[in-house]
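Enquirer: predicted model, plus sequence, below.
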Amino acid sequence: GQELCAEGSYGPLCALCEGDFYLSDSDGCLMCSGGNAWLLPMVLLIVALIGGMVIFFIYKMTNARERIMAFYERNSNRLNEYSERFTAVVSLMQIITILNTTHASMGGAEVPSPYLEFMHSFSFLTLDVVTIV
């Protein structure tokens, strides 16, 4: 009967989850948490949009094309270096996050709490649209 199912699960072979639970790859039905994994990407998106608007308005209002081009010419090597470093960090965090998810789904030991929380803050980098939405 249903009394043999773990908390949050029911149905044939206890394979269905109740309303406030979700089916984990390895741990059965787990309780949904009020997570905020969307918060960091949303804040970064808002900051990027506001920064882009500020740059756009400064560019339009002051006709600063010459100054921007001069800045880029003076600092193009540095800007390219920062861009390459940023790409490397994003790629590394994608690999670490996906590796941790794969490790956990294969039954591996869970990463200690401080590192797990750090990796969860970068989970949006996996570009898993279902998780982000």
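Expert: That came through, no problem.
Enquirer: quick one: the helices in the protein?
Expert: If DSSP state H is used as the criterion, the helices of the chain fall at 39-62, 65-105, 113-121, 129-132.
Enquirer: wait, doesn't S121 sit right on L40?
Expert: Yes: contact criterion C-beta atoms under 8 Å: S121 and L40 qualify, at 5.7 Å. Where C-beta positions appear, they are placed from N, C-alpha and C, glycine not excepted.
Enquirer: for the helices of the chain, which one sits closest to F21?
Expert: helix 129-132 (16.6 Å; C-beta to C-beta).
Enquirer: now do L4 against L13, distance only.
Expert: 10 Å (C-beta to C-beta, to the nearest Å).
Enquirer: over to L99?
Expert: 31 Å.
Enquirer: neighbour count winner among these two?
Expert: L99 (11 against 7; other C-beta atoms under 10 Å).
Enquirer: now stretch 124-133: mean pLDDT?
Expert: Average pLDDT, stretch 124-133: 66.
Enquirer: revised request: answer the last question for stretch 86-106.
Expert: For stretch 86-106, mean pLDDT rounds to 84.
Enquirer: now that stretch: buried residues?
Expert: For stretch 86-106, a neighbour-count test (16 or more other C-beta atoms under 10 Å) marks 93, 96-97, 100-101, 104 as buried.
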